[in-house]
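# Predicted model, plus sequence, below.
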Amino acid sequence: MKKFTYLIPKSTDEAISMHESHGKRAKYIAGGTDVIVKIKEGKLSPDYLISLKHITSLNQLALNKETGKLHIGALVTHGMLEESSLIRTQYPILHDAVTNIGSVQIRNVATIGGNLVNAVPSADGAIPLIALDAKVEFYGPKGEQSEDLIRFFLGPGQNILERSEILTEITVPPLLPNTGSAYIKFGRRAAMELPLLGVGVLLSLDEDLKHCVKARIGLGVAAPTPMRAMEAEQFLTGKAIDEDMASEAGRIAAKESRVRDSIRGVAWYRREMVSVLVKRMGLMCLERIRDL
């Protein structure tokens with residue numbers, strides 16, 4: 001493995017200054033579960049690794065009781081999300097996802113920010129956050145900026161961050177009353193494997209718990225980037241949700257998907273499973289709303 005200089009800034013400004021000084025020879029590193037592997041494989045060859053691990057402002061997980069917003073620092077690990085009672089009870093879609101990422105050892109070091117920045121279509125962390133209408137906050141030489149997470153991804157391995165910019169936080173807007181959410185990672189095994197598909201559904205019902213007032217359907221490995229099935233969402237909105245409605249939403253989402261053949265699965269099968277899993281997660285949402 002190529003030798004590199006390991007730098008440890010204590011603030012985002014210091015990290016950005018270091019990156020600006022070393023330019024293309026520098027690479028940010030958080031948990032390192034992807035960066036170190038790529039260096040070992042020769043896919044990356046930085047002269048400088050700039051660690052973000054000691055920037056404490058990036059490691060916060062909190063619900064703002066005044067605004068109702070959930071704030072997730074970019075350095076929050078999947079393990080922290082898995083162990084959080086707040087995430088488990090109020091954001092089960094996110095808890096579903098992080099509990100199936102890698103092994104316990106990986107979840108204890110891999111960060112949610114790193115999962116998003118890698119911008120792979122199979123990123124388990126991205127789909128539930130897209131269904132939750134999350135925004136990403138990032139900071140760089142141009143100052144602080146924010147963007148809807150769905151617009152953060154440009155293509156496989158590509159995101160909107162420019163040189164020296166750091167993803168700092170993910171924010172989730174307040175949940176509507178009577179909201180249920182669920183995520184499933186579909187593959188040959190439950191963990192330690194990239195998913196064949198990732199499907200996340202969020203439903204919010206009216207006061208009578210009959211009609212849908214909001215629907216979100218996020219799909220992973222169904223297109224070059226994580227996506228939303230917006231036609232299926234629109235179909236569900238305003239309707240009384242039952243098994244038939246969930247089935248039809250699944251069929252619509254399958255048509256919207258842009259699945260392809262790969263070494264791990266053929267397109268027709270993935271498309272069929274989009275239909276099945278959207279229905280299944282929609283019904284799971286209804287169960288969770290009843291249990292609130």
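Okay, I see it. Numbers count the residues shown, from 1 in each chain.

# From here on, just use CA atoms for contacts and neighbour counts.
Noted.

# Sketch out the low-pLDDT regions of the chain for me.
Low-confidence segments of the chain (pLDDT under 70): 188-193.

# Tell me the spacing between the residue most central in space within the chain and residue 29.
Nearest residue to the geometric centre of the chain (CA atoms, centre = their mean): residue 126, 1.6 Å. Look at residue 126 and residue 29: by CA to CA, to the nearest Å, they are 19 Å apart.

# Could you tell me which residues within the longest helix along the chain count as buried?
The longest helix of the chain (DSSP state H) is helix 267-290. Neighbour-count burial for helix 267-290 flags 267, 270-271, 273-286, 288-289 (criterion: 16 or more other CA atoms under 10 Å).

# Kindly report the same for stretch 45-62.
By 16+ other CA under 10 Å, the buried positions in stretch 45-62 come out as 45-53, 55, 58-59, 61.

# can I get the residues you listed in TSV with distance to residue 11 and secondary structure?
Output for the buried residues of stretch 45-62, formatted as TSV (distance: CA to CA, whole Å; DSSP: H, G, I helix; E, B strand; the rest coil):
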residue	distance to residue 11	secondary structure
45	24	coil
46	21	coil
47	21	coil
48	17	strand
49	15	strand
50	11	strand
51	10	strand
52	8	coil
53	10	coil
55	5	coil
58	9	helix
59	12	coil
61	18	strand
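
# Can you tell me which of the residues you listed lies closest to residue 147?
Using CA to CA, residue 58 comes nearest to residue 147 of the buried residues of stretch 45-62, at 17.5 Å.

# Skipping its backbone neighbours, what lies nearest that closest one in space?
Nearest residue to residue 58, sequence neighbours excluded (CA to CA, 6 or more residues apart in numbering): residue 73, at 4.6 Å.

# mind checking how far the one you found is from residue 18?
Taken as CA to CA, the span from residue 73 to residue 18 is 21 Å.

# Of those two, which one has the most company?
Shown here are residue 73 and residue 18; by other CA atoms under 10 Å, residue 73 has more neighbours (24 against 21).

# Return the set of residues that bridge with that one.
Judged by DSSP bridges, the bridge partners of residue 73 are residue 169.

# tell me the contacts of it?
Applying CA atoms under 8 Å, 6 or more residues apart in numbering, we find residue 73 in contact with 57-61, 113, 168-170.

# Closest to residue 97 out of those residues?
For the contacts of residue 73, the nearest to residue 97 is residue 113 (14.5 Å; CA to CA).

# Off-centre distance for the one helix or strand that closest one maps to?
Here residue 113 sits within helix 112-117, counting by DSSP states H and E. Distance of helix 112-117 from its chain centroid, counting by CA atoms, centre = their mean, to the nearest Å, is 8 Å.

# after it, next one along is what?
helix 126-131.

# And this structure, split by domain according to the record?
Domain segmentation of the chain under automatic domain parsing yields 5-51, 57-172, 179-290.

# Quote the end-to-end distance of the shortest one.
The straight-line separation of the ends of domain 5-51 (CA to CA) is 11 Å.

# my guess is residue 249 meets residue 233, correct?
Yes - if you go by CA atoms under 8 Å, residue 249 and residue 233 touch, sitting 7.5 Å apart.

# if you count what's nearby, which of the two comes out ahead?
When neighbours are counted by other CA under 10 Å, residue 249 and residue 233 differ, and residue 249 comes out ahead with 25 against 22.

# I appreciate the help and will end here.
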